[in-house]
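> My questions concern the predicted model and sequence given below.
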Amino acid sequence: MSGVRIDRWLWAARFFKTRSLAKAAVEGGKVHLESSRVKPSKEVQVGQQLEIRRGDTFQVVIIETLSEQRGSATVAQTLYTETPESIEQREVRKSVRRMERAGLNIPSSKPDKKNRRALAQLKDLDRNWQHSPDD
């Protein structure tokens, strides 16, 4: 097999549920081949690098095997290997999302004077509430 259409390969490798979703992603610029935009009819070869963005997930994979048929998930995982940098970035993003869901937002800068006063006022309220006599 000399080459496979990129939308068919993405569908066979289970990056997208349908071929039409894969085609739409390629047309929308969510998939880059060797760091350049391509059309859905572009044929991919073994050893080429794909950059795939799905939602806030970004993966960089290298094509290991070509396939036009969709198989099981275990077969699909043999079609590509993900780069170590891509795996690391996904894990970092996953942990940040987990922290954000837990309510741990990392501020982008130090609080300004107004925000510092508001924090001090909240701390005073908390101290006064804890030391108030029970009725």
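Received the coordinates, thanks. Numbering: from 1, shown residues only.

> Going by C-alpha atoms from here, please, whenever you check contacts or count neighbours.
Fine.

> Report the separation between the residue sitting nearest the centre point of the chain and Ile87.
With distances taken as CA atoms, centre = their mean, Thr57 lies nearest the centre of the chain, 1.1 Å away. To Ile87, Thr57 is 11 Å away according to CA to CA, to the nearest Å.

> where does the protein dip in pLDDT?
1, 131-135 (pLDDT under 70).

> Which stretches in it count as strands?
Secondary structure of the chain (DSSP state E): strands at 4-5, 31-33, 36-37, 43-44, 49-54, 57-63, 80-82.

> by contact count, what packs against the first one?
Applying 3 or more CA pairs under 8 Å, 6 or more residues apart in numbering; DSSP states H and E, we find strand 4-5 packed against strand 43-44.

> what residues does the strand it packs on touch?
3-6 (CA atoms under 8 Å, 6 or more residues apart in numbering).

> Strand partners (parallel or antiparallel) of that strand?
strand 4-5 (antiparallel) (DSSP bridges).

> So what touches the strand it pairs with?
With CA under 8 Å, 6+ apart, strand 4-5 has contacts from 40-45, 66-68.

> Most neighbours of all those, which one?
When neighbours are counted by other CA atoms under 10 Å, Leu66 leads those with 22 neighbours.

> Give me the distance between that one and Ile87.
On the measure of CA to CA, Leu66 and Ile87 end up 22 Å apart.

> And for Lys30?
Counting by CA to CA, the gap from Lys30 to Ile87 is 18 Å.

> can you check Arg101 too?
21 Å.

> before we move on, what about Ala24?
From Ala24 to Ile87 the distance is 25 Å (CA to CA).

> can you list the strands of the chain in TSV and add distance to Ile106?
Listed next are the strands of the chain as TSV, based on distance: least, CA to CA, whole Å:
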stretch	distance to Ile106
strand 4-5	43
strand 31-33	30
strand 36-37	34
strand 43-44	41
strand 49-54	24
strand 57-63	20
strand 80-82	29
